[in-house]
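K.L.:
sequence? don't have it. structure:
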């Protein structure tokens, strides 16, 4: 049992580092990005739904970079609603507001057209 928990922790550490590295690579105009980004985004959304607290910050950062810099990636309204739900939760906690604002800024830079976002552009 102890070994399995250690492997799980190691897997989380590897995922954490891989997501951090991906954030830097996603900002570059690499020719393989259109093939890789949809899989990376799907992986991040899957991690967000599992609500693993150790990986939430890296998932938020990776998704913010994807939304902001990968204009070719079509984010669905369900994915936007999920992100906005997390942003709303994080706004109430001062320690998590930085990630929430980063993600919200990325969504607004995309000029997302959703009822929950429209009021934010009026402020």
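P.N.:
Done, it's in. Because the structure is a prediction, the values reported are computed rather than measured.
K.L.:
contact partners of the helix ranked longest in the chain?
P.N.:
Ranked by residue count under DSSP state H, the longest helix found in the chain is helix 2-25. By C-beta atoms under 8 Å, 6 or more residues apart in numbering, the residues outside helix 2-25 that reach it are 40, 44, 47, 52, 54, 55, 58, 59, 61, 62, 65. Every residue, glycine included, has its C-beta placed from N, CA and C.
K.L.:
check stretch 91-107 too.
P.N.:
Outside stretch 91-107, the residues that touch it by C-beta under 8 Å, 6+ apart are 57, 60-61, 63-65, 67-68, 80, 83-84, 86-87, 90, 117, 120.
K.L.:
and the residue nearest the centre of the chain, what pLDDT?
P.N.:
Centroid-nearest residue in the chain: residue 63, 2.6 Å away (criterion: C-alpha atoms, centre = their mean). We have a pLDDT of 91 for residue 63.
K.L.:
cool, residue 34 as well?
P.N.:
If you check residue 34, the pLDDT there is 94.
K.L.:
number of nearby residues for it?
P.N.:
By the other C-beta atoms under 10 Å criterion, the neighbourhood of residue 34 contains 11 residues.
K.L.:
let me see the residues that make contact with stretch 35-45.
P.N.:
By C-beta under 8 Å, 6+ apart, the surrounding residues in contact with stretch 35-45 are 19, 22, 26, 59, 62-63, 66, 70, 72-73, 75, 79, 82.
K.L.:
can you say which of those are buried?
P.N.:
Neighbour-count burial (16 or more other C-beta atoms under 10 Å) applied to those gives 19, 22, 26, 59, 62, 63, 66, 70, 73, 75, 79.
K.L.:
could you say which helix or strand holds residue 58?
P.N.:
Assigned by DSSP states H and E, residue 58 belongs to helix 53-69.
K.L.:
for that helix, what is the distance to the chain centroid?
P.N.:
Its chain's average C-alpha position is 3 Å from that of helix 53-69, according to C-alpha atoms, centre = their mean, to the nearest Å.
K.L.:
and for stretch 47-59?
P.N.:
Here stretch 47-59 shows a centroid-to-chain-centroid distance of 9 Å under the convention C-alpha atoms, centre = their mean.
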